[in-house]
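Q: Predicted model and sequence follow; I will ask about them next.
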Amino acid sequence: MIIDCSNTLPEFQFQGATDINPKNEEYRKLFGQRWARLAGWTKEEFFKRLESESTENVMQEVYAKLEKNFSMDQFLKMLRDSTIAYHAIHNMDYGRDGSEAPADHDYVAELLKKYPDRFIGFAGYNPHKGTESLKVVRKAITEQGYKAVVIPPYEHGIKADDRKYYPLYALCDELEIPVWIHSSINYYRETSVFLDHPSNLEAPLMDFKNLKIIAGHGGWPWIPDMIAMLLKYKNLHVDTSAFRPRYIAEPNTGWDMFLHYANSLLQDQIVFGSDWLTLGIPIKDYIAEVEEWPLKDSVKEKFYWKNANKLFKLKLGKEVSYGLEE
């Protein structure tokens, strides 16, 4: 049984092929080839098409195939076949100003109601939208079945310790819900790579003693700093989403220290997160790569579901399948 703490819905992941900021063309090339792989293309085929066609046209074709392959019924079957008990839906609220209304959380709320005990809703907060965004998040948590909040500082253009986030942290502290924070490298050329450094989590953890944070994407490439933070703050958790597991297990990639401490002192603070849709890797293949990690069986069980079960107060028991059957 597995609880995936970092993911989204196929329709969120694969929509808007032309929405990516042209200033950040790297993202199109980085993720486009991965999504094309899920659609059945090879990397070579993808780049060959880009030589003679626009990115927009190529991606629209890829998305059309993905829309067919990832219908909700097909998607749910993939989760069942891979023993995913709960799958995260990160309903992000992007943007670097308050010119737009807060993200709509109603659609995901309907899915949470339609598919109970299947998804974990993460409500997106945007600090530039202030009180209006906070109201939406509070409603999502208290009325609509969401169990967590998600913020991507690099998308907001401010660090996680910026005081604009503090009203959210106070709310999460009050309601005893975790907040997932992007804490790894970003590839935006016009945004500092250090904006998402793990050290930016320290002030919130010091100022809100009961605040529970999930450091998303493992803190790479600052693994020693991430480990130091985890050793110091027991309310801090971490996932390794958005990186291929086989890369994490490969020597000299920067993850060696993580695997060492995950197997010992940090075994109660690690949670499974994949972002397999972003990576363009079928979930069964992603899990197969994790199985090659040198983790003790008891630690692997905590990583897969026990730690997240406690963090999200899901009250799961190992002896129950929780909707994994047909």
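A: In hand now; what should we look at?

Q: quick one: the strands in the stretch 151-300 of the chain?
A: All strands of the stretch 151-300 of the chain, identified by DSSP state E, counting those that start in this stretch, fall at 179-182, 213-216, 236-238.

Q: Show me the contact partners of the second one.
A: What it means is strand 213-216. 5-6, 148, 178-184, 198, 201, 204-205, 226, 229-230, 235-239, 241-242, 271, 273, 311 (Cβ atoms under 8 Å, 6 or more residues apart in numbering). Where C-beta positions appear, they are placed from N, C-alpha and C, glycine not excepted.

Q: Which ones among these lie within helices?
A: When these are checked against helices (DSSP state H), the matches are 204-205, 226, 229-230, 311.

Q: can you pick the most crowded of those residues?
A: Neighbour counts for those (other Cβ atoms under 10 Å) peak at M226, which has 27 neighbours.

Q: related to what we said a few turns ago, I'd like the strands of the stretch 151-300 of the chain laid out as JSON lines, including mean pLDDT and distance to V193.
A: Shown next, in JSON lines, are the strands of the stretch 151-300 of the chain (pLDDT from 0 to 100; distance: least, Cβ to Cβ, whole Å):
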{"stretch": "strand 179-182", "mean pLDDT": "98", "distance to V193": "12"}
{"stretch": "strand 213-216", "mean pLDDT": "98", "distance to V193": "16"}
{"stretch": "strand 236-238", "mean pLDDT": "98", "distance to V193": "19"}
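
Q: a markdown table for the ones you listed, including mean neighbour count and distance to D285?
A: Listed next are those as a markdown table, based on neighbours: other Cβ atoms under 10 Å; distance: least, Cβ to Cβ, whole Å:
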| stretch | mean neighbour count | distance to D285 |
| --- | --- | --- |
| strand 179-182 | 25 | 24 |
| strand 213-216 | 25 | 21 |
| strand 236-238 | 25 | 22 |
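
Q: Can you lay out those as a markdown table showing distance to R80?
A: Below are those laid out as a markdown table (distance: least, Cβ to Cβ, whole Å):
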| stretch | distance to R80 |
| --- | --- |
| strand 179-182 | 24 |
| strand 213-216 | 25 |
| strand 236-238 | 26 |
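
Q: between the ones you listed, which one is nearest to R189?
A: strand 179-182 (17.1 Å; Cβ to Cβ).

Q: Report the strands that pair with that closest one, each with its relative direction.
A: strand 148-151 (parallel), strand 213-216 (parallel) (DSSP bridges).

Q: picking up where we left off before, T55: which of the ones in helices among the contacts of strand 213-216 is nearest?
A: Set against T55, the nearest of the ones in helices among the contacts of strand 213-216 by Cβ to Cβ is M226 (33.7 Å).

Q: L168 versus the closest one, what's the distance?
A: M226 sits 22 Å away from L168, going by Cβ to Cβ, to the nearest Å.

Q: so I270 sits right up against E301, yeah?
A: No: the pair I270 / E301 is not scored as a contact, 11.3 Å apart, by Cβ atoms under 8 Å.
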